[in-house]
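Asker: here is a sequence with its predicted model. Questions after.
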Amino acid sequence: MKIKDVLEAKGRTVYTVEPDRSARDALALLNRHRIGCLVVVDNNGDIQGIVSERDILRYVSESDKSPAHETVARVMTPHDATIIATEEDDIDYAMRVMTESRIRHLPVAMENHLTGIISIGDLVKCLLAETTHENKMLLDYITGRYPR
């Protein structure tokens, strides 16, 4: 299964924020949309990085500064440190990268054009559905009940 299959199942909506917005604005967006991260994009839509609730919490706790007075650019994970997947990557690869890197979100882009974002939860949900379907098919085969 490919990442594009996950995006087709979950949707391609990606919430973004500009790097010059305040970290407080980013928190408001995260809370409003009930999500864990935003992709940071410039005025041209080019990916500048990613900012998660963890990034903001870590920065505030280490610097003792208010998110209202810090820009997203100061708290985000910059583009050169952001892991980005392509739609053609296998979900096994994505899960391995996310697990090894200890990240929960993976932007998806083709030629630096943002096409979606996946979370570890999205991958688990797809793998669970696939495994459940395979188990049912195998059980039907073993017991002689073929799908009609």
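Answerer: It's in.
Asker: show me what the lengthiest helix in the chain is packed against.
Answerer: Across the chain, the longest stretch assigned as helix under DSSP state H is helix 120-143. For helix 120-143, the packing partners by 3 or more Cβ pairs under 8 Å, 6 or more residues apart in numbering; DSSP states H and E come out as helix 3-10, helix 91-101. For glycine as for every other residue, the C-beta is placed from the backbone atoms N, C-alpha and C.
Asker: can you tell me which of those comes nearest to Gly116?
Answerer: Distance to Gly116, taken as Cβ to Cβ, is lowest for helix 3-10 among those, at 4.2 Å.
Asker: deepest of the helices and strands packed on helix 120-143, which one?
Answerer: Comparing the helices and strands packed on helix 120-143 by mean neighbour count (mean count of other Cβ atoms under 10 Å), helix 3-10 comes out on top with a mean of 17.
Asker: tell me how far that helix lies from the chain's centre.
Answerer: On the basis of Cα atoms, centre = their mean, to the nearest Å, helix 3-10 is displaced by 12 Å from the centre of the chain it belongs to.
Asker: what lines up beside the helix or strand following it in the sheet?
Answerer: For helix 3-10, the following helix or strand on the C-terminal side (DSSP states H and E) is strand 16-17. Using DSSP bridges, strand 16-17 pairs in its sheet with strand 37-41 (parallel).
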